[in-house]
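Trainee: the amino acid sequence is not available; the structure is as follows:
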């Protein structure tokens, strides 16, 4: 998928220079661009030999022309459009391996040389155009990040499978035989071994030495030395170039002059379209693999060059380059990791370097036919073997040490399917593996953010001592679950089992599920909630559903889950659900008959507390009536004798936010009263209530005339404030447990 490093990256180098055409940069750009252009010609020719093999071998010169054309276009346009001046584009191994499979499939379904060549050439162009449109779309709509969602072992399996295709393609290029189990005896025959075994060993040697020799001239020297040694050995055996070519040892002979030919009208007329359509799944695979590989290459460049690369811009640059190359029936191309790092090491990290390399490839496409015909097949076969072994080493050997067993098994599974059956079945297996991995991994992720007991989790209602005692004793009857994320059938079933286990192990009257942080619900998950409703009926507990968005509420309604007395109840939020459960447990209606003095004397016993109540004014507040207006002066302190009041924070263009709900024996407005600040919230009666008012003037008189009563007042307020703080701390602790 990503081109393995032709010369290993040097991560200690500083970021590349900015683009420019100053004289000091001209010589490195010309020399570096020429060297990189020659390397790209070698790679492009290797990929062409991979695609145009077997029945397509007679048309290899045309294939080389197409590959060099797309290399020239990719190098030029990527150099001009990239976000990183040193970035070089070019033909790539992963899509080339898939395109080779496609070409072989098309060749098998066509009859006649002209129709076969025309159909393959058009198929290559269509695939490259499709890749260009896809990459451009990802970049324009800023969707490059979506490619990252492919599971790592699935991507690794594709890469390993690509390595296998490159390896067997390299052997096939050198031996002129299709690599398969049926052909294995012929490949191992003494007459066949000299064709491919030296090249395979050379590819393995390049891989072994590339980790130790870091000089930028390593690969060019290997290529040059291979060509020299080959012709020296041929001369020792008295073999002429013509005899070598006739024996299949050289790529050629090719006709002198231009290798690249545009698609003609006659070729378009000769295309057998029914042979192309079966390759559509492979086409889609090549397009998607190209996007993944481009992202991996760009990420590798960020690490190697220590600079950020705009992924979306690189997608757009590669998209434009492939659209242009596709019009000329070129191959898929995108950012090359190895050549880009090599340009950095050469000190030629400018846009001019890419343009010079493009010119070299262009000259090769137009004038290099005769010269390339004399290059031994072992050179390009060894490069393909090296690239294939690089992938296999990375994803079969190295990955064993860094991947979990299940992930590594998926890599081997996809590799095995690609090797035994083909790339398309491997893609299918990879997709299935990705789905299974998602289901398994997500089912292991708990959707329960917090599981809380009513004994530890309380609503914002501050209650009297009797109610608190009741909740301490019976709070375990309520069970609160805060849910999160996306709920599908696997996680919903796990939630059902958790509720079932709670109902069996602990006496439970109320189960509250909070959906405020749930982002979605799979329709099949509703079956689990329907079973939970049935469980509530059978076990005698009430199921409370809170914090549902309008969309989730509609889903429950469509699933037949509606409010049902003593079985299902809907609440606006978890706090309201907790309040309702507490009300049922405490049976607070009886509290209205208790006088205020009784509440306060529970805190500060004595006659002084009873006298304190006598100084206050008794008020009746109707349901919905404001006891305190937000922003009002803090002139009064109130104590609740009966009923219920709620403090709301009123915000413009938003519903009021409930801060605290108070019942008998609680103080209201004490902070503003003592601090002298305006009221921070409004206080409204939830039902008809009785309160006692203590004004600033009255408190001053009590402090002067009855110090014991004033002292009792201050002690009561401090005690109630302490209880409120403790209530909030326990609520926070419960959520953090």
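Mentor: It's in. Predicted model, so just to flag it, every value in this text is computed and none were measured.
Trainee: per the annotation, how does this structure divide into domains?
Mentor: Recorded structural domains for the chain (assignment: automatic domain parsing) are 23-437, 448-586, 591-736.
Trainee: using JSON lines, lay out these together with mean neighbour count and mean pLDDT.
Mentor: Every residue, glycine included, has its C-beta placed from N, CA and C. Shown next, in JSON lines, are those (neighbours: other Cβ atoms under 10 Å; pLDDT from 0 to 100):
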{"stretch": "domain 23-437", "mean neighbour count": "20", "mean pLDDT": "86"}
{"stretch": "domain 448-586", "mean neighbour count": "18", "mean pLDDT": "90"}
{"stretch": "domain 591-736", "mean neighbour count": "17", "mean pLDDT": "88"}
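Trainee: just the strands in the stretch 301-450 of the chain please.
Mentor: Per DSSP state E, counting those that start in this stretch, the stretch 301-450 of the chain carries strands over the ranges 333-336, 448-453.
Trainee: can these go into TSV with extra columns for distance to residue 250?
Mentor: Shown next, in TSV, are the strands of the stretch 301-450 of the chain (distance: least, Cβ to Cβ, whole Å):
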stretch	distance to residue 250
strand 333-336	26
strand 448-453	68
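Trainee: strands of the protein, residue ranges please.
Mentor: Shown for the chain, the strands assigned by DSSP state E span residues 88-91, 333-336, 448-453, 461-462, 478-487, 510-521, 542-546, 568-571, 617-621, 626-628, 636-649, 657-662, 667-668, 682-695.
Trainee: need the contact partners of the last one.
Mentor: When you say that, I think you mean strand 682-695. The contact list for strand 682-695, computed with Cβ atoms under 8 Å, 6 or more residues apart in numbering, reads 592, 596, 613, 615-630, 635-650, 656, 661, 668-669, 713.
Trainee: what does the first one give?
Mentor: Defining contact as Cβ under 8 Å, 6+ apart, one finds that strand 88-91 is touched by 36, 40, 43-44, 47, 67, 70-71, 74-75, 77-79, 82, 317-318, 321, 331-336, 339-340, 343, 353-354, 357.
Trainee: hmm, 7 Å instead?
Mentor: Strand 88-91 has contacts (Cβ atoms under 7 Å, 6 or more residues apart in numbering) with 36, 40, 43-44, 47, 67, 70-71, 74-75, 78, 318, 321, 331, 333-336, 339-340, 343, 354, 357.
Trainee: residue 462 contacts residue 665, doesn't it?
Mentor: No - Residue 462 is beyond contact range of residue 665, at 9.1 Å (criterion: Cβ atoms under 7 Å).
Trainee: state the distance from the residue most central in space within the chain to residue 291.
Mentor: Most central in the chain under Cα atoms, centre = their mean is residue 149, positioned 3.4 Å from the mean C-alpha point. Per Cβ to Cβ, to the nearest Å, residue 149 is found 12 Å from residue 291.
Trainee: how far does stretch 707-716 sit from the chain's center?
Mentor: 62 Å (Cα atoms, centre = their mean, to the nearest Å).
Trainee: again with stretch 507-515
Mentor: Averaging C-alpha positions (Cα atoms, centre = their mean) puts stretch 507-515 34 Å from its chain's average.
Trainee: any residues touching it, and which ones?
Mentor: Stretch 507-515 is contacted from outside by 477-483, 499, 502, 541-548, 552, 574, 577-578, 581, using Cβ under 7 Å, 6+ apart.
Trainee: ditto for stretch 271-278
Mentor: Counting by Cβ under 7 Å, 6+ apart, 105, 106, 109, 110, 115, 118, 119, 122, 123 sit against stretch 271-278.
Trainee: for residue 635, phi and psi?
Mentor: phi -80, psi -20 (degrees, to the nearest 10).
Trainee: so what's it up against?
Mentor: Contact analysis of residue 635 by Cβ under 7 Å, 6+ apart lists 695, 696.
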